[in-house]
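>>> Here is my input, please return the structure:
(one chain, ligands or ions: 1)
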Amino acid sequence: MPAHIAIIMDGNGRWAQQRRRPRVIGHRAGARAVNVCIDFCLERGIAALTLFAFSSENWGRPEEEVGALMKLFINALDREVAELHRRGVQVRFIGERERFSAAIRARMDGAETLTRANHALVLTIAASYGGRQDIAAAARALARDVAAGRLDPDAIDERLFASRVALADLPPPDLFIRTGGDFRISNFMLWQLAYTELWFTETLWPALDAATLQRALDEFASRERRFGLTGAQGQPGAGAGNATTPDETPA
Ligand code: FPP
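Presented below is the predicted three-dimensional model:
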């Protein structure tokens with residue numbers, strides 16, 4: 001069973017187009033699929049779920065679509081957070097929060113504060129997130145420490161770097177799922193996905209159901225994870241946190 005699943009929720013626009021409806025209808029249906037996914041993780045006892053809701057590049061979409069997505073985020077937060085809290089879900093956001101409106105930022109902060117002590121599931125929403133930005137921000141933070149004399153550059157190793165990227169306190173994703181039929185990581189969690197098992201499906205995000213997620217889990221269970229070692233050496237990295245990922249020996 002994966003402890004942490006990371007998902008690129010792709011295919012909302014095509015789902016709507018297939019029904020001759022505006023793209024925003026696909027995003028609305030996509031928000032319902034988010035609930036399907038959360039229910040599934042809670043039922044299976046999966047500890048962490050990270051969803052790519054909006055990339056740093058998505059700001060470049062037509063103004064009307066970006067506006068509709070922002071409204072959808074506000075509505076979803078207003079509608080869902082109390083229930084998520086009741087169910088023991090800890091809600092977090094990663095990404096460039098400062099690019100969102102004050103109304104959205106206030107809701108993000110409020111959701112995080114309210115749910116901070118929950119442990120049934122850590123739900124992270126990546127919003128205006130980019131993997132390269134995440135890595136650049138970690139490098140910047142380390143550079144600041146060096147410039148301030150707090151850090152010796154020779155002390156910068158994989159473990160220290162890992163402690164500065166997003167979700168450093170969680171185990172890295174065990175399983176990555178992308179819906180919508182494309183075979184790309186699209187700048188999602190580039191550091192954290194180093195040893196993650198990748199699973200792709202043609203299913204468009206709004207059509208996601210528990211059976212599709214179960215297929216991903218079944219496939220995950222059949223994979224041998226070697227973390228750069230041999231099969232005979234077992235699975236030393238399983239469950240290891242970001243900061244304790246084994247050395248990056250080529251797989
Ligand atoms: C990708 O589909 C999806 C998005 C850019 C937005 C994701 C948003 C949601 C699933 C809804 C709300 C989410 C939360 C967390 C409340 P696409 O538009 O790129 O689809 P396409 O590839 O078919 O055009």
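
>>> which residues of the stretch 1-150 of the chain fall in helices?
In the stretch 1-150 of the chain, helices defined by DSSP state H, counting those that start in this stretch lie at 12-18, 23-44, 63-86, 102-115, 131-147, listed in chain order.

>>> got CSV for the ones you listed, with mean neighbour count and distance to His4 too?
Any C-beta I mention is one placed from the backbone N, CA and C, and that applies to glycine too. Formatted as CSV, the helices of the stretch 1-150 of the chain follow (neighbours: other C-beta atoms under 10 Å; distance: least, C-beta to C-beta, whole Å):
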stretch, mean neighbour count, distance to His4
helix 12-18, 19, 23
helix 23-44, 19, 10
helix 63-86, 15, 18
helix 102-115, 15, 17
helix 131-147, 15, 16
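
>>> Out of those, flag the one nearest Leu217.
helix 23-44 (7.4 Å; C-beta to C-beta).

>>> follow-up on the earlier one: same list (the helices of the stretch 1-150 of the chain) but as JSON lines, adding mean pLDDT and distance to the ligand.
Putting the helices of the stretch 1-150 of the chain into JSON lines (pLDDT from 0 to 100; distance: least, C-beta to the nearest ligand atom, whole Å) gives the following:
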{"stretch": "helix 12-18", "mean pLDDT": "97", "distance to the ligand": "3"}
{"stretch": "helix 23-44", "mean pLDDT": "97", "distance to the ligand": "3"}
{"stretch": "helix 63-86", "mean pLDDT": "97", "distance to the ligand": "4"}
{"stretch": "helix 102-115", "mean pLDDT": "98", "distance to the ligand": "11"}
{"stretch": "helix 131-147", "mean pLDDT": "98", "distance to the ligand": "16"}
